[in-house]
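Engineer: A structural model of the following input is requested.
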Amino acid sequence: MAFSKLGVVAAALAIAAVVLPLKPPTHLLHPPPVPGAHDRLHASKVVPVAGAFGPESLAFDPSGGGPYTGVADGRILKWEGDERGWVDFAVTSSQRKECIRPFAPELEHVCGRPLGLRFDKKTGDLYIADAYFGLMVVGPDGGLATLVANEAEGQPLRFTNDLDIDESEDVIYFTDSSTAFHRREFMNSCLSGDKTGRLMKYDKASKELKVLLRGLALANGVALSKDGLFLLVAETATCRILRLWLKGPNAGKLDTFAELPGYPDNIRRNSRGEFWVGLHTKKGPVSRFLLSNSLIGNFALRLPLSFQQLHSFFVGWKADATAVKLGEEGEILEVLEDTEGKTVQFISEVEERDNKLWIASVMRPFIAIFDLD
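Structural biologist: Residues are numbered from 1 along each chain as shown. Reported below is the predicted structural model:
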């Protein structure tokens, strides 16, 4: 019986490999709209990141300047307005001779790949989660970032992803998505059943680094609650937001804060204490099937498919965009979509500021701005 089931799985995946180059039935395989969602993100304004690709995270400095964003060639750019556009602010690697193409995944370990960004509002320093180099920092004037940490409890950081800063406690919380796979292998981590992600705490004064959580399925976005009582961490492969209580009677307890209709990336808190979560893609028939059993996912990884083909297969052959706003208790308050992917696709972060949503995408050469009015 087990053999026959696996035979069916193998056949289905083999057929998919043959169908991939053809035009697939997206109306059957693409995830449907989220019930109750508002299909409005197509009205967003696009701001190209000229000569760059994949603005993954967005951060504004303490004086309101920016946003700043990290791109695929290892640079961190600053937005100087429509007249000046994007200007170079910082880099995470001094070895930049080969870092001349906007998108070259095979060079990420050389050029660096800055992902999550957060400013320390007291010092103006920018802390950076570089996927390959670890937790880094650069001063208010930019330049070459310096290393803060590249290992935790004797184990190297392999896929540093996102962070948040508790300025009252002077500590930084950040994620290492996997101890088995690098960033350019994130599909491998997702499909293989990898659960080696970690959540860390770094004390800026003592320079002590402690692992708070292990065994996470692609640990991703991080956000501290407004009152500092709990910390949220996105577990991408399970479509969950986990809550780790830091203070109070529940201190040390871990629970599920929210179950989401898709695969979460970064989490960002707004001024009211609510949380915006960018979904890389929604759950659909293909992704549910691939993640239903690690044997299936690992079989898919062995098929003769390029990253682009495998990723297209996973998302149902169609790009779209979904942003979810969560309340302080994890309830879904609002879902915004671009169901046809006309303007926005593959959201990695949503930052609410001045009644606008600033939207980043790790797989597109632009950011988007959506007016909430």
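Engineer: close enough to count as contact, Leu115 and Val71?
Structural biologist: No. Using CB atoms under 8 Å, Leu115 makes no contact with Val71, being 10.5 Å away. All C-beta atoms are positioned from the backbone trio N, CA, C, and that covers glycine.
Engineer: Who has more neighbours out of those two?
Structural biologist: Higher neighbour count among Leu115 and Val71: Leu115, with 29 against 22, using other CB atoms under 10 Å.
Engineer: what are the ranges of the strands in the stretch 51-200 of the chain?
Structural biologist: Ranges of strands in the stretch 51-200 of the chain, per DSSP state E, counting those that start in this stretch, are 58-59, 68-70, 75-79, 86-91, 114-119, 126-130, 134-138, 143-144, 146-149, 151-152, 155-156, 160-166, 171-176, 197-203.
Engineer: Now for Met187, how many residues are close by?
Structural biologist: Neighbours of Met187 (other CB under 10 Å): 19.
Engineer: meant to ask about Gly65, not that
Structural biologist: 15.
Engineer: Could you do the one 4 residues further on as well?
Structural biologist: Residue crowding around Thr69 was assessed by other CB under 10 Å; the count is 26.
Engineer: remind me which residues of the chain are low pLDDT?
Structural biologist: 1-28 (pLDDT under 70).
Engineer: thinking again about what came up before, what touches both of Leu115 and Val71?
Structural biologist: Both Leu115 and Val71 are contacted by Glu56, under the criterion CB atoms under 8 Å, 6 or more residues apart in numbering.
Engineer: Okay, the residue lying closest to Asp170 once chain neighbours are set aside and Arg269: tell me how far apart.
Structural biologist: With sequence-adjacent residues excluded and distances taken as CB to CB, 6 or more residues apart in numbering, Asp170 is closest to Lys204, at 4.8 Å. Per CB to CB, to the nearest Å, Lys204 is found 20 Å from Arg269.
Engineer: returning to that earlier point: and the strands of the stretch 51-200 of the chain as TSV, adding distance to Pro304?
Structural biologist: Output for these, formatted as TSV (distance: least, CB to CB, whole Å):
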stretch	distance to Pro304
strand 58-59	37
strand 68-70	32
strand 75-79	34
strand 86-91	36
strand 114-119	29
strand 126-130	32
strand 134-138	34
strand 143-144	41
strand 146-149	39
strand 151-152	36
strand 155-156	31
strand 160-166	29
strand 171-176	30
strand 197-203	28
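Engineer: Which of the ones you listed sits closest to Leu279?
Structural biologist: With CB to CB as the criterion, Leu279 lies closest to strand 160-166 of the strands of the stretch 51-200 of the chain, at 14.8 Å.
Engineer: Just checking: what are the partner strands of the helix or strand Val324 falls within?
Structural biologist: Applying DSSP states H and E as the criterion places Val324 in strand 321-326. Partner strands for strand 321-326, per DSSP bridges, with pairing direction: strand 275-282 (antiparallel), strand 332-338 (antiparallel).
Engineer: all strands for the stretch 251-373 of the chain, in order.
Structural biologist: Going by DSSP E, counting those that start in this stretch, the stretch 251-373 of the chain shows strands at 254-259, 262-269, 275-282, 321-326, 332-338, 349-353, 356-360, 366-371.
Engineer: got JSON lines for these, with distance to Phe133 and mean neighbour count too?
Structural biologist: Output for those, formatted as JSON lines (distance: least, CB to CB, whole Å; neighbours: other CB atoms under 10 Å):
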{"stretch": "strand 254-259", "distance to Phe133": "28", "mean neighbour count": "16"}
{"stretch": "strand 262-269", "distance to Phe133": "19", "mean neighbour count": "26"}
{"stretch": "strand 275-282", "distance to Phe133": "23", "mean neighbour count": "27"}
{"stretch": "strand 321-326", "distance to Phe133": "29", "mean neighbour count": "25"}
{"stretch": "strand 332-338", "distance to Phe133": "33", "mean neighbour count": "20"}
{"stretch": "strand 349-353", "distance to Phe133": "20", "mean neighbour count": "23"}
{"stretch": "strand 356-360", "distance to Phe133": "20", "mean neighbour count": "25"}
{"stretch": "strand 366-371", "distance to Phe133": "23", "mean neighbour count": "20"}
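Engineer: now these as a markdown table including distance to Val87?
Structural biologist: Output for the strands of the stretch 251-373 of the chain, formatted as a markdown table (distance: least, CB to CB, whole Å):
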| stretch | distance to Val87 |
| --- | --- |
| strand 254-259 | 37 |
| strand 262-269 | 23 |
| strand 275-282 | 25 |
| strand 321-326 | 27 |
| strand 332-338 | 28 |
| strand 349-353 | 19 |
| strand 356-360 | 17 |
| strand 366-371 | 15 |
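Engineer: So which of those is nearest Lys195?
Structural biologist: For Lys195, the closest of the strands of the stretch 251-373 of the chain is strand 254-259, at 14.3 Å, according to CB to CB.
Engineer: count of residues packed around Ala50?
Structural biologist: With other CB under 10 Å as criterion, Ala50 counts 11.
Engineer: What of Ala104?
Structural biologist: Neighbours of Ala104 using other CB under 10 Å come to 17.
Engineer: That one reaches Gly74, doesn't it?
Structural biologist: No. In this structure, Ala104 is not within contact of Gly74 by CB under 8 Å, at 9.8 Å.
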